[in-house]
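S.K.: sequence and computational prediction follow.
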Amino acid sequence: MSGPCPHSHPEPQDAAHVQHALDAARARCEAAGENWTEPRRRTYALLVSAGKPVKAYDLIQQFGAGVRATKPPTVYRSLDLLMGIGLVRKVVTLGAYVACPKATGCAAGLLVCSCCHAVEHLPDARPAAIAGAPQDYLIEQVVLEASGLCPLCR
């Protein structure tokens with residue numbers, strides 16, 4: 001679909017949800033031995049507030065809204081760190097980023113709606129071929145994305 005999704009979807013996350021997510025993210029960041037810097041906090045807050053995948057360019061545009069502009073490397077460095085500690089996931093299908101639903105880390109797989117771009121996180125999405133990998137092969141990450149229509153767009 002080329003235009004915006006014509007279906008009705010939930011509104012972005014409320015302030016209480018965002019603050020709870022930020023508190024949990026800060027704890028995870030510090031537990032990983034990283035500093036919870038303002039650029040990291042702002043990047044994560046924008047993703048959580050959106051409640052859906054956001055392209056890096058849009059994050060850069062929103063980052064300094066009403067405050068001050070930022071340079072792309074600031075946002076990309078923040079995204080890299082947040083992905084590294086499991087708070088953010090890149091949605092390859094969309095070329096966008098999404099906050100993981102739990103501060104304990106991202107799900108194994110994603111269902112991506114081809115209409116509204118909503119993302120549903122799957123806790124265990126290891127295909128049988130990967131599950132049957134040789135025992136001496138250490139699998140560190142499985143990335144699985146499936147596209148289709150979410151229940152609201154169907």
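M.R.: Arrived safely.

S.K.: tell me how many other residues crowd V143.
M.R.: 12 (other CB atoms under 10 Å). Heads up, the C-betas are built off the backbone N, CA and C, glycines and all.

S.K.: try V92
M.R.: Neighbours of V92 (other CB under 10 Å): 11.

S.K.: what's the pLDDT at it?
M.R.: At V92, the model reports a pLDDT of 89.

S.K.: look at the closest residue to it other than its chain neighbours and report its pLDDT.
M.R.: Sequence neighbours aside, E145 is the residue nearest to V92 in space, at 6.0 Å (criterion: CB to CB, 6 or more residues apart in numbering). pLDDT, E145: 86.

S.K.: now swap in G148 and tell me
M.R.: G148 is given a pLDDT of 89.

S.K.: that one and V91, how far apart?
M.R.: 14 Å (CB to CB, to the nearest Å).

S.K.: identify the contacts common to the two.
M.R.: Listed contacts common to G148 and V91 are V112; contacts here mean CB atoms under 8 Å, 6 or more residues apart in numbering.

S.K.: the more surrounded of those two?
M.R.: For G148 versus V91, neighbours defined as other CB under 10 Å are more numerous around V91 (18 against 11).
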